[in-house]
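Would you be able to build a 3D model of this:
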Amino acid sequence: MDGGDHDHLEPWTTETGDYYDRLVSLVQDSPAYAGAELVDGEQELVIFTVGTPSNRIAALIRAAPSSLRVTWRDAPYTSAELTDEVLRLMRERPARVSGGHALHDGTGIRLMGTDAELLAAEDPRELLGAMYPVTIERGGPAAFL
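Predicted coordinates for the structure are as follows:
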């Protein structure tokens, strides 16, 4: 690197880049995948899934480079089921929901909209007929995030 503000990242990205790509690709292909998070400043990759890792994924986690800590956390829902729910709600409630996404930790969905009743609701899940926990943020028309 050139001595800029990102010098401290060089060992992280050089040593872990290929490993990270292999692991995340393998985990994302799993039907149990919920999401992943790189913990800023901690050199930790947290993977969220429903259930335990397969033998192949567990072996790859054990082979993590010393510069990266990999943590496996259980999630209540998969990315696929949460994403399907976001798309269903956008399709069925277009006047109320303008966008959204699955939360990376598999705990629910975040939707966008301008509907005052939804924004004020303590539990918008019931108003929408949602199958999973929902948070609403103010936002106009948007694509799926």
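
centroid residue for the protein?
With distances taken as Cα atoms, centre = their mean, residue 104 lies nearest the centre of the chain, 1.6 Å away.

Apart from its chain neighbours, what residue comes closest to that residue?
For residue 104, ignoring the flanking residues on the chain, the nearest one in space by Cβ to Cβ, 6 or more residues apart in numbering is residue 35 at 3.3 Å. For the C-beta atoms, the positions are set from N, CA and C on the backbone; glycine is no exception.

State the mean pLDDT of the helix or strand the one you found falls within.
For residue 35, the element it lies in under DSSP states H and E is strand 33-39. Averaging pLDDT along strand 33-39 gives 92.

For that strand, buried residues please.
For strand 33-39, a neighbour-count test (16 or more other Cβ atoms under 10 Å) marks 33-36 as buried.

got it, and stretch 125-135?
Neighbour-count burial for stretch 125-135 [16+ other Cβ under 10 Å]: 125, 127-128, 130, 132-134.

Just these: which are in strands?
residue 134 (DSSP state E).

Next up, the contacts around residue 49.
Residue 49 makes contact with 27, 30, 32-34, 72-75, 78, 106, according to Cβ atoms under 8 Å, 6 or more residues apart in numbering.

swap in residue 70?
Contacts of residue 70 by Cβ under 8 Å, 6+ apart are 23, 44-47, 61, 64.

at 6 Å what do you get?
Residue 70 sits next to 45, 61, 64 when contact means Cβ atoms under 6 Å, 6 or more residues apart in numbering.

is it possible to export these to CSV including distance to residue 95, secondary structure and pLDDT?
What follows is the contacts of residue 70, written out as CSV (distance: Cβ to Cβ, whole Å; DSSP: H, G, I helix; E, B strand; the rest coil; pLDDT from 0 to 100):
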residue, distance to residue 95, secondary structure, pLDDT
45, 39, strand, 92
61, 44, helix, 93
64, 47, coil, 92
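
Now, of these, which are buried?
Listed as buried from the contacts of residue 70 are 45, 61; burial here means 16+ other Cβ under 10 Å.

Just name the closest of the contacts of residue 70 to residue 96, please.
Taking Cβ to Cβ as the measure, residue 96 lies nearest residue 45 of the contacts of residue 70, at 35.6 Å.
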